[in-house]
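Participant: let's see this in three dimensions:
(4 chains)
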Protein chains: 2
Amino acid sequence: MQDESPLAPASIDAFRDRLTQVTADLPRRLRQCADYIAANMDRIAVSTVAELATGADVPPSALMRFCQIMGFSGFSEMQRLFREAYAPGWPDYSTRLRNLKDQGTGSPAALLAEFVEAGRLSLESLAKSVDENALNAAVALLARADTVHVVGLRRAFPVAAYLAYVFDKMAVPAMLHDGVGNLDHRHALRAGDAMVAITFAPYSEETVTLAQDARDRGLPVVVLTDRVTSPVARFADAILTVAEVDFGAFRSLSATIAMALALAVAVGSAREQAV
Amino acid sequence: MQDESPLAPASIDAFRDRLTQVTADLPRRLRQCADYIAANMDRIAVSTVAELATGADVPPSALMRFCQIMGFSGFSEMQRLFREAYAPGWPDYSTRLRNLKDQGTGSPAALLAEFVEAGRLSLESLAKSVDENALNAAVALLARADTVHVVGLRRAFPVAAYLAYVFDKMAVPAMLHDGVGNLDHRHALRAGDAMVAITFAPYSEETVTLAQDARDRGLPVVVLTDRVTSPVARFADAILTVAEVDFGAFRSLSATIAMALALAVAVGSAREQAV
DNA sequence: GGGATAATGGAATAATTATTCCAAAACATA
DNA sequence: TATGTTTTGGAATAATTATTCCATTATCCC
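Facilitator: Model (predicted):
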């Protein structure tokens, strides 16, 4: 297996793009290939040259030429792309999950199945229960802040870190309060800033304190937490609740991260438009 | 193309039944085939005899015999069943994304819905594509390490942080390499330790370097990445791949976190039992 | 309409992949 | 431990499949 052609599409998406580019000016037979392939991309992984050629009603050699025009060295290279991306619809998700669990309680595969399931349930329940008004309010508050302070410790820290990362990528001035060196950076909270506080039961005291501090200084506070009775809720200008399904002692965080992402991206684009 | 054997399974379900019937009393090599095939049914349609045989760790001839025991005349006939029965392939997610962008539907709630959907798809595809052997191998490696070093920067950092958190909760000695102060802590890597390196395209150089460093010192390295061709893969003793569905520029991380959790909890309980 | 250029089909060949077969090894039984 | 039986690995072969090449046909441009 030698080097691939430098211009060969490396993903199904790239393939699709290239296909539309190329299709425009193509002689008759080759266009037949392009059309047929476009309509039957899902068969490439499991067909032979001859089968596809018959389907497109062209001789095999025409199809070979088509593969080369698409940037591949030949049919095999093109097929490899599709075989690697191939994921059939059956063993449907639930069957597969059962198989994993059959490996025996406590086996890594069974654990994975449980966490996958927990994540999925969390996402589903988030989709059903989201409070759109609260979300919109949160976005509005953060969109007009100078700097966004992100606080979340212990199990909430990964979410805070990701939120800070996405803010950064979207050019939103943000500061992650990570507790390094036990510095609380409370003096970084300045008028015009806003805070996102993330915490779940058992609520980390430092997070609650910082949220209160922000509130006392008159900064708007958005909280991302597990229920409205959370101790940070009383300092909140907007409350986003995410009921995460746990498996064992650990939360999947899927729903929480989805929420954080949506928040960050929405804030990011709101600010872009405001500029 | 001659008559098919009268006893060959005519549907995937029949195949599955026959497989369980037959697996019970089978000599060693053939049982390996049965197990591997059961766990990788979805790859039969797009693999060669040699590929599957390698995967099951048997010579090709053993796999041929297995096909015949299953009632087929040979591998080709068995493969035909899977090629014909496959359901239309992958969800065309990126097209939807493009549409969404074009319409400019940037309402926070709509964004959230997309991230929820991306997370759900990622989790499902993880369930379908997880390599159980790699997972078991990774758990075994980490279970017998003195200290587990966790490395993951940028977008992988949240996962690394959570992994370190869970290790800590499960009393697994773990060190999170977070890049604070640009210290790489390479001298913390000691004989008897192991490393988990987490990175996705575009791969962070520091992570790759640290993984190589660990490898050079003879530590076992487990990598959690997006594809087997990842630059860290060549330093890996176990490769866990997670194909995460992106929405826009940001990954949902759902599947990655589920994998990390399963890994950490499995390692934690394996060590408890060893004590 | 003539000359150059591009496209086409099919047959020849190369490469890959499936399949068979048999000697050697492992195993069971006495 | 000897003997028959089953299982195994690998090399040889058969079949399929991809790929190239070139003579023929169509198309374009002057």
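
Participant: neighbours of the closest residue to A:Y203 other than its chain neighbours, how many?
Facilitator: Here the nearest residue to A:Y203 in space, its sequence neighbours aside, is A:P231; by C-beta to C-beta, 6 or more residues apart in numbering or on different chains that works out to 5.2 Å. To be clear about C-beta, it is placed using only N, CA and C from the backbone, and glycine gets the same treatment. Here the number of neighbours of A:P231 (other C-beta atoms under 10 Å in any protein chain shown) works out to 17.

Participant: again with A:R217
Facilitator: Quick note: A:R217 (other C-beta under 10 Å) scores 13 neighbours.

Participant: show me what contacts it?
Facilitator: Counting by C-beta atoms under 8 Å, 6 or more residues apart in numbering or on different chains, A:R217 touches A:189, A:191.

Participant: same thing but 7 Å
Facilitator: Shown in contact with A:R217 (C-beta atoms under 7 Å, 6 or more residues apart in numbering or on different chains): A:L189.

Participant: torsion angles phi and psi at it?
Facilitator: For A:R217, the backbone dihedrals (degrees, to the nearest 10) come out as phi -80, psi 0.

Participant: same check, this time on A:D246
Facilitator: phi -90, psi 150.

Participant: now it, nearest residue through space, not along the chain?
Facilitator: Counting by C-beta to C-beta, 6+ apart, the residue nearest A:D246 is A:A118, at 6.6 Å.

Participant: for the helix or strand in which the one you found is found, output the C-alpha coordinates as CSV.
Facilitator: Here A:A118 sits within helix A:108-129, counting by DSSP states H and E. Listed next in CSV are the C-alpha coordinates belonging to helix A:108-129 (Å, rounded to 0.1, in the frame of the first residue of the first chain):
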residue,chain,number,x,y,z
PRO,A,108,-15.0,-2.7,30.5
ALA,A,109,-17.4,-3.2,27.6
ALA,A,110,-20.4,-3.4,29.9
LEU,A,111,-19.3,-0.3,31.7
LEU,A,112,-19.0,1.5,28.5
ALA,A,113,-22.4,0.4,27.5
GLU,A,114,-23.8,1.8,30.7
PHE,A,115,-22.1,5.2,30.3
VAL,A,116,-23.2,5.4,26.7
GLU,A,117,-26.8,4.7,27.7
ALA,A,118,-26.6,7.2,30.6
GLY,A,119,-25.3,9.9,28.2
ARG,A,120,-28.0,9.2,25.7
LEU,A,121,-30.7,9.4,28.3
SER,A,122,-29.3,12.6,29.6
LEU,A,123,-29.3,14.2,26.2
GLU,A,124,-32.9,13.1,25.5
SER,A,125,-34.1,14.5,28.7
LEU,A,126,-32.3,17.7,28.1
ALA,A,127,-33.9,18.1,24.7
LYS,A,128,-37.3,17.7,26.4
SER,A,129,-36.8,19.9,29.3
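
Participant: quick one: contacts of it?
Facilitator: By C-beta under 7 Å, 6+ apart, helix A:108-129 touches A:97, A:100-101, A:103-104, A:242-247, A:252, A:254-255, A:258-259, B:113, B:116, B:119-120, B:123, B:126-127, B:130, B:132, B:135-136, B:139, B:254, B:258-259, B:261-262, B:265-266.

Participant: which among those end up buried?
Facilitator: A:97, A:100-101, A:103, A:242, A:244-245, A:247, A:252, A:254-255, A:258-259, B:113, B:116, B:119-120, B:123, B:126-127, B:130, B:132, B:135-136, B:139, B:254, B:258-259, B:261-262, B:265-266 (16 or more other C-beta atoms under 10 Å in any protein chain shown).

Participant: list the contacts of the residue of the stretch 151-275 of chain A found nearest DNA strand D.
Facilitator: The minimum distance from the stretch 151-275 of chain A to DNA strand D, using C-beta to the nearest atom of the strand, falls at A:F247 (38.4 Å). The contact partners of A:F247, by C-beta under 7 Å, 6+ apart, come to A:114-115, A:118.

Participant: where are the low-confidence patches of chain A?
Facilitator: Within chain A, the stretches with pLDDT under 70 are A:1-6, A:89-91, A:275.

Participant: hmm, try it at 50
Facilitator: A:1-5 (pLDDT under 50).

Participant: quick one, strands of it?
Facilitator: A:148-152, A:174-177, A:194-199, A:221-225, A:238-241, A:246-247, A:250-251 (DSSP state E).

Participant: which residue sits closest to A:H149, ignoring its sequence neighbours?
Facilitator: A:M195 (4.4 Å).

Participant: can you pull the contacts of the one you found?
Facilitator: With C-beta under 7 Å, 6+ apart, A:M195 has these contacts: A:149, A:151, A:211, A:214, A:219, A:221.

Participant: sorry, back to before: want to throw the strands of chain A into CSV with distance to B:A188?
Facilitator: Listed next are the strands of chain A as CSV, based on distance: least, C-beta to C-beta, whole Å:
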stretch, distance to B:A188
strand A:148-152, 26
strand A:174-177, 24
strand A:194-199, 29
strand A:221-225, 33
strand A:238-241, 38
strand A:246-247, 32
strand A:250-251, 26
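
Participant: so which of these is nearest DNA strand C?
Facilitator: With C-beta to the nearest atom of the strand as the yardstick, what comes closest out of those is strand A:246-247 (40.1 Å).

Participant: roughly how far apart are the spatially most distant residue from the centre of chain A and A:A87?
Facilitator: Distance from the C-alpha centroid of chain A, by C-alpha atoms, centre = their mean, peaks at A:P59 (43.2 Å). Distance, A:P59 to A:A87, using C-beta to C-beta, to the nearest Å: 32 Å.

Participant: repeat that for A:R80.
Facilitator: With C-beta to C-beta as the criterion, A:R80 and A:A87 are 15 Å apart.

Participant: and A:L261, what does it touch?
Facilitator: A:166, B:115, B:250, B:252.

Participant: ok, 6 Å please
Facilitator: For A:L261, the contacting residues are B:115, B:250, by C-beta atoms under 6 Å, 6 or more residues apart in numbering or on different chains.

Participant: starting at the chain centroid, how far to stretch A:10-22?
Facilitator: 23 Å (C-alpha atoms, centre = their mean, to the nearest Å).

Participant: same question but for stretch A:81-99, I mixed them up
Facilitator: With C-alpha atoms, centre = their mean, you get 20 Å for stretch A:81-99.

Participant: cool, stretch A:67-86 as well?
Facilitator: So, by C-alpha atoms, centre = their mean, the centroid of stretch A:67-86 is 28 Å from its chain's centroid.
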